[in-house]
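Asker: Turn this into a structure:
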Amino acid sequence: MKNGKFLAGVIAGLGTGVLLGLLFAPAKGSQTRKRIMKGSRYNVAEAKVSLHDVMRKNKEKLQHQLDQNDLNSSVM
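Answerer: Okay, here's the model as predicted:
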């Protein structure tokens, strides 16, 4: 008898959760997936811009250091 009540409670809880999820969902699943994809594309684009910026700055620093080393070695 305990198992039957437990199973009934689980089923009732699942049903309640699904119903509340449907009632309070902010958008359709397809719309939510589109928003997630759009946001991830934006984040990837921003990461690429940041990465290119970092690479450019590091390249400039490296070039400056190489130039300094060339000047120091030619003076000696």
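Asker: can you list the weak-confidence ranges in the protein?
Answerer: The chain contains residues with pLDDT under 70 at 1, 75-76.
Asker: swap the cut-off to 80 and go again
Answerer: In the predicted model, the chain carries pLDDT under 80 at residues 1-4, 19, 22-23, 25-27, 29, 32-33, 36, 71-76.
Asker: so where do the helices sit in this structure?
Answerer: In the chain, the helices defined using DSSP state H lie at 2-24, 29-75.
Asker: Quick one: those helices as CSV, columns for mean neighbour count too.
Answerer: For glycine as for every other residue, the C-beta is placed from the backbone atoms N, C-alpha and C. What follows is the helices of the chain, written out as CSV (neighbours: other C-beta atoms under 10 Å):
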stretch, mean neighbour count
helix 2-24, 9
helix 29-75, 10
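Asker: Next one: Leu22 from Lys34, what distance?
Answerer: Distance from Leu22 to Lys34, counting by C-beta to C-beta, to the nearest Å: 19 Å.
Asker: Check Asn69 too.
Answerer: For Asn69 relative to Lys34 (C-beta to C-beta), the value is 52 Å.
Asker: Next: Leu62.
Answerer: Going from Leu62 to Lys34 by C-beta to C-beta gives 42 Å.
Asker: before we move on, what about Val49?
Answerer: 23 Å.
Asker: now swap in Lys57 and tell me
Answerer: From Lys57 to Lys34 the distance is 35 Å (C-beta to C-beta).
Asker: now swap in Gly13 and tell me
Answerer: 31 Å.
Asker: go on, Gly9?
Answerer: Distance from Gly9 to Lys34, by C-beta to C-beta: 37 Å.
Asker: do Leu23 as well
Answerer: Taken as C-beta to C-beta, the span from Leu23 to Lys34 is 21 Å.
Asker: try Ala12
Answerer: Counting by C-beta to C-beta, the gap from Ala12 to Lys34 is 33 Å.
Asker: can you check Ser73 too?
Answerer: 58 Å.
Asker: Could you do Leu71 as well?
Answerer: If you go by C-beta to C-beta, the gap between Leu71 and Lys34 works out to 56 Å.
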